[in-house]
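Enquirer: Quick one, fold the following:
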Amino acid sequence: MPCLEFWFEFGSTYTYPAVMRIEKLAQTAGVTVDWKVFLLGSIFSEQGWSDSPFNIYPAKGKYMWRDLERICTALSIPFVRPSKFPRNGLLASRVACWFASEPWISEFTKAVFSANFAEDREISDPEVVHACLNGLGLDGPRLLEQAQTAESKAKLRTQTEYAKSLGIFGAPTFLVGEEMFWGNDRLEAALAWARTGNKSSSNILSNQDAP
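Expert: Below is the predicted model:
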């Protein structure tokens, strides 16, 4: 079965709708999803940004929030603009990176994104991450302890550096082999590419403006 790498960051606004819809679309397309968390902060820092570009450029930020609201409404995805942006997703990222091969990782990821973008909860708070894990019937405290070992921290750093080496500059990013697709609106195109590998496929281009 063809595979798509899904590179995501917990603080990323446009990753929220992608996270909430990728599994169903991938299943329909017959494509497996490899969940790959990374940290955008160091990538932005290398570009000379000390904050999200949506905060640095107010007009862009104003557009983004309205656009995200429209997207979520169209997809019937709950959305509440976070009272703090961007939120620090480091702890959740360590969990998602260390336990990436676990069958519950997609549900955990969706729970954290929902906490941030649908419930306006502080995802840097260990209790919120605990709740996301416990809500899946998992042992939150034990898993968080494992996710904060030196080995776990190193794994996330290495994965972020690998993302940089691949040329990833934002989230969400979808990789099919060496072919890169950036943005929630390129999810369908990425899945079509994974399914067919047809570089001239009209199906790939026909979905390029889908939310």
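Enquirer: those helices in this protein, which residues are they?
Expert: Secondary structure of the chain (DSSP state H): helices located at 15-29, 40-46, 53-56, 58-75, 90-98, 105-117, 126-134, 140-147, 150-165, 187-196, 202-206.
Enquirer: Make TSV out of the ones you listed and add mean pLDDT.
Expert: TSV is the format used below for the helices of the chain (pLDDT from 0 to 100):
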stretch	mean pLDDT
helix 15-29	98
helix 40-46	87
helix 53-56	94
helix 58-75	98
helix 90-98	98
helix 105-117	98
helix 126-134	97
helix 140-147	97
helix 150-165	97
helix 187-196	96
helix 202-206	43
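Enquirer: looking at those, which is closest to Pro2?
Expert: helix 187-196 (4.4 Å; Cβ to Cβ). C-beta here means a position set from N, CA and C on the backbone, and glycine is covered the same way.
Enquirer: Could you export that closest one as PDB, CA atoms only?
Expert: C-alpha atoms of helix 187-196 as PDB (Å, rounded to 0.1, in the frame of the first residue of the first chain):
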ATOM      1  CA  LEU A 187      -3.700  17.100   1.000                       C
ATOM      2  CA  GLU A 188      -5.900  15.700  -1.800                       C
ATOM      3  CA  ALA A 189      -3.100  16.300  -4.300                       C
ATOM      4  CA  ALA A 190      -0.600  14.500  -2.100                       C
ATOM      5  CA  LEU A 191      -2.900  11.600  -1.700                       C
ATOM      6  CA  ALA A 192      -3.600  11.400  -5.400                       C
ATOM      7  CA  TRP A 193       0.100  11.400  -6.100                       C
ATOM      8  CA  ALA A 194       0.700   8.700  -3.500                       C
ATOM      9  CA  ARG A 195      -2.100   6.600  -5.100                       C
ATOM     10  CA  THR A 196      -1.100   7.000  -8.800                       C
END
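Enquirer: end-to-end on stretch 24-43?
Expert: 30 Å (Cα to Cα, to the nearest Å).
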